[in-house]
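[1] Dropping a prediction and its sequence here:
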Amino acid sequence: MQNGQNGRIPRLFADRAEAGRCLGQRLQPLREADPVVLGLTHGGVPVAFEVARALGAPLDILVTSRMNAPMQPGRAVGAVGEDGAYLARPRALEGGQIGPNELLGLRHRETDRVHRQVERLRRYRAPEPLVGRTVVIVDDGVVTGLSARVAAEVVRGRGAGRIVLAVPVARSGALTRVRAGVDGVRILSVPDDFRALGKWYQDFRQVTEDDVVALLRAAEGGFGAGAESVALRRRPPDPPSQEISLPVPGATLSGRLTVPVGARGLIISGQDSCCDRYASRNRVIARALNDAGLATLLLDLVTPVEERQGDLLLAIGTLAGRLERVTEQLGPDYGPVGYLANGLGAAAALEAASGPAARVAAVVSLSGRPDLVARLGAVRAPTLMLVGGADSALVRLNRQALSRLTGGSRLVTIPGARRLFREPGDLEAVLAQILDWFRLLGVPAPGTPGRPGGLDRPGGLDRPGGPGVPGADDSSSESGPWTLTPTAG
């Protein structure tokens, strides 16, 4: 792996900081233009930090938010940004991914979310003046081009004289969209096999608001500390991982298998979209499970060709059959098996767990659709359904599904959260619930060395994730639906 100091561009970046150093070197001709560097929050800011340092330029941020289809979180239907900027994909409406009223409501919600982020991130500083300036918009990559186009619209509206988009890696199909909104594009790599942005970074951890603030403060201090030491704190090395191919009837599935030393179980995270195994949120959750002593398999249940054709989006039975086959192949090697999935992948996981021969110890459905499972009442594995409290439609569907599940299952809503759990504190609350639930596999909860797995209640079920986890509303099927008062943090 090259570090970007000798002019060679690595095929796989170690992290966003290395990508920024490589990009900064490529952008040196812009130094004489006295540019302003804007990092798109959140992932683009560590890249922009290094670019701004290389160019001797001021660093600022720009907040955008991608809008995702309500029932297909991996499919973008548009984007919003500061100053009310908005862009929708015409195909989203034409293809029936979202209705006009749904799109309008989604736009308002995401715009409000952008405003809240701007208030938090700009609490201590005003935006950098852009009138007549050369502005370099930096992100960690381009997947759809929607966020970059919206960002360009904001910057143009603030009077920028020239706009350059600079990213380390981009999907070729998005280039036409982004080029239409800017005066120049600088991209280090446009791989033919792009698939997912996270594939091109060894370390693709989530960037938090605290990270963004720390980087902005470091930039104000003259870039005395790099992104590695300021915001993206070093952690122990990731446990060994490998990309694997798993043959199933009619297809070959791709997955990322991580096995920590002494792993005491396997969590299979089945995704209903190809290449979701590279998504930052999924990798953060997997790392937390690895740290708790569990092996993880981030598994794409559909192939790239199938996703382009759209044939399997609602074929729950087919996806479930594939998950069953993978479980048969890997389960005996790693001990107890648990399922973790979101959206339609969660429906497939529950369908697979409903089979008479299913050997699944526990299931977590994350913003899932258990209402689509035909044999929901036959699921014997303790099931945790996690839903954002602000997603009333999904809460209703999950509550109805809870009444069909057998004893030991549970619905927990995260107050104020939406489907992707993107607000500050959402992911932490979700992780606490997931880790505690998978104690059913016999893994001690974090911070309780030697604590036995939860098989100490009558009927063989401990109640994980109960009172004591801040900010969670709780319903259980142990004695019919009921609600706990949210506990204080």
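    Okay, I see it. Numbers count the residues shown, from 1 in each chain.
[2] Give me the residue ranges of the stretch 1-150 of the chain where confidence is low.
    For the stretch 1-150 of the chain, the stretches flagged by pLDDT under 70 are 1-10, 70-74, 90-99, 124.
[3] Where do the strands of it begin and end?
    For the stretch 1-150 of the chain, the strands defined by DSSP state E, counting those that start in this stretch cover 36-40, 59-62, 64-69, 72-81, 86-88, 134-138.
[4] Tell me which of the ones you listed lies nearest to residue 317.
    The closest approach between residue 317 and any of these, judged by C-beta to C-beta, belongs to strand 72-81 at 18.4 Å. No exception for glycine: its C-beta is placed from N, CA and C like everyone else's.
[5] so what strands line up beside that closest one?
    Strand 72-81 has the following sheet partners, assigned by DSSP bridges: strand 64-69 (antiparallel), strand 86-88 (antiparallel).
[6] Could you tell me which residues within stretch 181-201 count as buried?
    If you call a residue buried by 16 or more other C-beta atoms under 10 Å, then stretch 181-201 has these buried ones: 181-182, 185-189, 194-201.
[7] got the buried residues for stretch 205-218?
    205, 207, 211, 212, 213, 214, 215, 216, 218.
[8] quick one: the helices in the stretch 351-489 of the chain?
    392-402, 426-437 (DSSP state H, counting those that start in this stretch).
[9] re earlier: out of the strands paired with strand 72-81, deepest packed?
    Ranked by mean neighbour count, the strands paired with strand 72-81 are led by strand 64-69 with a mean of 22 (mean count of other C-beta atoms under 10 Å).
[10] which residues touch it?
    40-41, 74-82, 85, 88, 92, 97-98, 103, 106-107, 110-111, 113-114, 117, 144, 146-147, 150-151, 154, 419-420 (C-beta atoms under 8 Å, 6 or more residues apart in numbering).
[11] Report the inter-axis angle for it versus strand 36-40.
    Relative orientation of strand 64-69 versus strand 36-40 (axes from the mean of the first three to the mean of the last three C-alpha atoms, to 10 degrees): 30 degrees.
[12] how about strand 64-69 as CSV, C-alpha atoms only?
    The C-alpha trace of strand 64-69 is given here as CSV (Å, rounded to 0.1, in the frame of the first residue of the first chain):
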residue,chain,number,x,y,z
THR,A,64,-26.1,17.4,2.7
SER,A,65,-28.4,14.4,3.2
ARG,A,66,-29.3,11.6,0.8
MET,A,67,-33.0,10.7,0.7
ASN,A,68,-33.7,7.0,0.5
ALA,A,69,-36.8,5.1,-0.6
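[13] quick revisit: mean pLDDT added to the helices of the stretch 351-489 of the chain, as a markdown table?
    Output for the helices of the stretch 351-489 of the chain, formatted as a markdown table (pLDDT from 0 to 100):
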| stretch | mean pLDDT |
| --- | --- |
| helix 392-402 | 91 |
| helix 426-437 | 89 |
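[14] Chain neighbours aside, what residue packs nearest to residue 33?
    residue 134 (4.2 Å; C-beta to C-beta, 6 or more residues apart in numbering).
[15] That neighbour contacts residue 166, doesn't it?
    No: counting by C-beta atoms under 8 Å, residue 134 stays clear of residue 166, with 11.6 Å between them.
[16] Go through the buried residues of stretch 205-218 and flag which are in helices.
    Counted as lying in helices by DSSP state H, out of the buried residues of stretch 205-218, are 211, 212, 213, 214, 215, 216, 218.
[17] Which one of those residues is nearest to residue 384?
    Checking these one by one against residue 384 (C-beta to C-beta), the nearest turns out to be residue 211, at 28.9 Å.
[18] Need the pLDDT of the closest one.
    With respect to pLDDT, residue 211 has a value of 88.
[19] can you check the one 5 residues further on too?
    Per-residue confidence (pLDDT) for residue 216: 89.
[20] how near is residue 367 to residue 266?
    22 Å (C-beta to C-beta, to the nearest Å).
[21] before we move on, what about residue 125?
    For residue 125 relative to residue 266 (C-beta to C-beta), the value is 46 Å.
[22] Have a look at those two and say which one is more surrounded.
    For residue 125 and residue 266, the more surrounded residue by other C-beta atoms under 10 Å is residue 266, and the numbers stand at 25 against 13.
[23] and the closest residue to that one other than its chain neighbours, how many residues sit next to it?
    Leaving out its chain neighbours, the residue that sits closest to residue 266 by C-beta to C-beta, 6+ apart is residue 334, at 3.7 Å. Neighbourhood size, residue 334 [other C-beta under 10 Å]: 19.
[24] thought residue 334 was touching residue 262?
    No: using C-beta under 8 Å, residue 334 makes no contact with residue 262, being 11.4 Å away.
[25] Would you confirm that residue 165 belongs to a strand?
    Yes: judged by DSSP: H, G, I helix; E, B strand; the rest coil, residue 165 forms part of a strand.
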